[in-house]
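>>> one predicted model, sequence on top.
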2 protein chains.
Amino acid sequence: MALAHAILALLVQEPMSGYDLNKTFEGSVGNFWKATHQQIYRELGKLEAMGWVKAETIPQEGRPDKKLYQITEVGQKNLAQWVAEPCDASPVKEELLVKVFVGTLAPVQNIRQEIERHRQIHQARLANYRRIEAESFQTCKDASFAAQLHYLVLRRGIRYETDWIAWCDEALELINNRCC
Amino acid sequence: MALAHAILALLVQEPMSGYDLNKTFEGSVGNFWKATHQQIYRELGKLEAMGWVKAETIPQEGRPDKKLYQITEVGQKNLAQWVAEPCDASPVKEELLVKVFVGTLAPVQNIRQEIERHRQIHQARLANYRRIEAESFQTCKDASFAAQLHYLVLRRGIRYETDWIAWCDEALELINNRCC
DNA sequence: TAGTACATGTAACAGGTTACATGATTGA
DNA sequence: TCAATCATGTAACCTGTTACATGTACTA
């Protein structure tokens, strides 16, 4: 139940609504987990039924009521136990690489453009992480251990995007010089 | 239907059985796609029903019959069309990073050990990719474009694992010096 | 007046995982 | 004799995606 634990890992930081969780997954947390709002609402329902989170409905004017979820003691105990367990490296499923693998089936410009497009996507994500780094982690030396761990996670995202960009450059160079 | 296309991308190289496909996904192809044998057999059934692949049963002595699948013209046409379409970057779901994110909930040694263990996993995968590189891609300059594209995909795997190892080292250094 | 943000959900379907099932051969 | 390799599959379940559904407030 990895999604459940990813949600708990966010709720342990601060109480949030399903909507907030979705926004968070779209932001820098997307660097280590992704979920759609449908999945989030379904999972929150299960977590509430199990007593790992509890919801408080907050009436609002001019907009829909909000359900603020917070982690319970049971939930926190469970999360702590899960954190201590070993886990596997996540399986890689990269559609772009499948396409490159059989790239000769399509026109070369096609593959080149697609790699250029992906380069832009990774560049944009990297810029976002760099912004977060500048805004939230300038004073790393004084930071708490918890904050340092958060920075480590962001560092993984920065590395990942940087490395993708470098690969795209390598790929584009090979494709552009393909005549040898 | 990404798994379907990943399977077609392997069958377009050479006819294979479900068993062979599974082995292939466990090998260097695992660098861009993963699937269990149950998924593979189910998907092959669908692909055969759609006429994208056709099977030939090969009787064997002393071991179960083998169904050799090969891609059909329709399948090849379809694969070529899919290759030409744009795709998204794959979503990241990294359980280890969720654990690091809430790492303060577990003893530090626990997190350190887990990162060390993951470092070993990535090191082993990298060694495997390096071996394949040495065995199959020494003569890159003379290679066909198709072979160069295959090398590019392997390069992505090499980069990915190398980058993970570097992050693990960074993480371990931070954890070991955590006193500031 | 059209689109985005806010805020929650249901239903149907597709994709992925785990457990179970069979059975011969080969090597430690 | 125990485990691994070869080779295929079914069934139940869990996870993830897509489409549909509702309704206000604000901004361009």
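Here it is on my side, so go on.
>>> helix, strand or coil for A:Tyr69?
strand (DSSP: H, G, I helix; E, B strand; the rest coil).
>>> so it touches A:Ala55, yeah?
Yes. A:Tyr69 lies in contact with A:Ala55 (CB atoms under 8 Å); the separation is 5.1 Å. (Each C-beta comes from the backbone N, C-alpha and C, glycine too.)
>>> the domain parsing of chain A - what is it?
A:2-84, A:95-176 (automatic domain parsing).
>>> which of the ones you listed sits closest to DNA strand D?
domain A:2-84 (2.9 Å; CB to the nearest atom of the strand).
>>> per-residue confidence averaged over the closest one?
Domain A:2-84 shows a mean pLDDT of 95.
>>> and chain A, which residues reach DNA strand C?
A:17-20, A:23, A:37-38, A:41-42, A:44-45, A:60, A:63-67, A:91, A:93 (CB under 7 Å from any atom of the strand).
>>> that older thread, would you list the domains of chain A in TSV and tack on mean neighbour count and distance to B:Glu116?
TSV is the format used below for the domains of chain A (neighbours: other CB atoms under 10 Å in any protein chain shown; distance: least, CB to CB, whole Å):
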stretch	mean neighbour count	distance to B:Glu116
domain A:2-84	17	15
domain A:95-176	17	14
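>>> so which of the ones you listed gets nearest B:Tyr129?
When the domains of chain A are compared by CB to CB, domain A:95-176 sits nearest B:Tyr129, at 13.2 Å.
>>> pull the distance from the closest one to the chain's centre.
13 Å (CA atoms, centre = their mean, to the nearest Å).
>>> what ranges does chain A have for its strands?
Remark: strands assigned in chain A by DSSP state E are A:53-58, A:66-71.
>>> tell me the contacts of A:Ala80?
By CB atoms under 8 Å, 6 or more residues apart in numbering or on different chains, the contact set of A:Ala80 is B:105-106.
>>> centroid-nearest residue for chain A?
With distances taken as CA atoms, centre = their mean, A:Gly30 lies nearest the centre of chain A, 1.7 Å away.
>>> does that residue really touch B:Val92, like I thought?
Yes. Using CB under 8 Å, A:Gly30 makes contact with B:Val92 at a distance of 7.2 Å.
>>> which residues in chain A form helices?
Secondary structure of chain A (DSSP state H): helices located at A:2-11, A:18-26, A:37-50, A:73-84, A:95-101, A:108-136, A:145-176.
>>> out of the ones you listed, nearest to B:Ile132?
helix A:95-101 (13.9 Å).
>>> do that closest one and DNA strand D come into contact?
No. Helix A:95-101 does not reach DNA strand D (CB under 7 Å from any atom of the strand); its nearest approach is 11.6 Å.
>>> elements contacting that helix?
Applying 3 or more CB pairs under 8 Å, 6 or more residues apart in numbering or on different chains; DSSP states H and E, we find helix A:95-101 packed against helix A:108-136, helix B:2-11, helix B:145-176.
>>> redo these as a markdown table? Include distance to DNA strand D.
Formatted as a markdown table, these follow (distance: least, CB to the nearest atom of the strand, whole Å):
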| stretch | distance to DNA strand D |
| --- | --- |
| helix A:108-136 | 16 |
| helix B:2-11 | 10 |
| helix B:145-176 | 20 |
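>>> between those helices, which one is nearest to A:Trp164?
Between the helices and strands packed on helix A:95-101, helix A:108-136 lies closest to A:Trp164; by CB to CB that is 4.2 Å.
>>> right, is the closest one up against chain B?
Yes. Shown here: helix A:108-136 in contact with chain B (CB under 8 Å from any CB of the partner chain) through A:110, A:114, A:117-118, A:121-122.
>>> I'd assumed A:Leu152 was in contact with A:Phe137.
No. Using CB under 8 Å, A:Phe137 is not in contact with A:Leu152; the gap is 10.1 Å.
>>> got phi/psi on A:Val12?
phi -70, psi -20 (degrees, to the nearest 10).
>>> wait, A:Ser28 sits on A:Leu126?
No. Counting by CB under 8 Å, A:Ser28 stays clear of A:Leu126, with 11.6 Å between them.
>>> find residues that contact each of these two.
By CB under 8 Å, 6+ apart, no residue touches both A:Ser28 and A:Leu126.
>>> just to revisit the earlier point, what sits in contact with each of A:Phe137 and A:Leu152?
Common neighbours of A:Phe137 and A:Leu152 (criterion: CB under 8 Å, 6+ apart): none identified.
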